[in-house]
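Engineer: need the 3D shape of this:
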Amino acid sequence: MINDDNGLVVMSVEDFFDPQEKNPELVDNLVKNPSLADKCDWNELTGWDWSKLLSERPQFADKCDWPKLNGKNWARLLTAQPQFADECDWSLLEGDDWSRLLCE
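Structural biologist: Model prediction:
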């Protein structure tokens, strides 16, 4: 993230990428086929994985380890599924996270 000549923040795709995405195949499989849930080791999912999964499949919220989510994860999730706001630790959100959440 950089400031342009006018003082505006210019964000790239990398600003929203979380290198903690650990299990993209597992998450994609659960999104496509939720019946695989009984075979899932939920402890393997990172905060990014959870935000991606719950954005598409909110029915898995009862399995979520909420403290794994960071500000970027919360911004992503709440943009798609605002009903999880009561679970959010708002102190984790930073400027970029708020911008994403409020601009979507």
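
Engineer: show me where this structure has its helices.
Structural biologist: With DSSP state H as the criterion, the chain has helices at 24-32, 47-56, 71-80, 95-103.

Engineer: tell me how far the residue nearest to Asn43 when sequence neighbours are not counted lies from Gly47.
Structural biologist: Among residues not flanking Asn43 along the chain, Asp65 sits closest, at 7.5 Å (CB to CB, 6 or more residues apart in numbering). Yep, even glycine has a C-beta here, placed from its N, CA and C like the rest. Counting by CB to CB, to the nearest Å, the gap from Asp65 to Gly47 is 8 Å.

Engineer: and the two? Which one has more around it.
Structural biologist: Higher neighbour count among Asp65 and Gly47: Gly47, with 25 against 12, using other CB atoms under 10 Å.

Engineer: doesn't Asn70 make contact with that one?
Structural biologist: Yes: with contact defined as CB atoms under 8 Å, Gly47 reaches Asn70; the gap is 5.4 Å.

Engineer: the closest residue in space to Cys40 that isn't next to it in sequence and Leu78, how far apart?
Structural biologist: Spatial nearest neighbour of Cys40, excluding adjacent residues (CB to CB, 6+ apart): Leu30 at 6.5 Å. Leu30 is 20 Å from Leu78, where distance means CB to CB.
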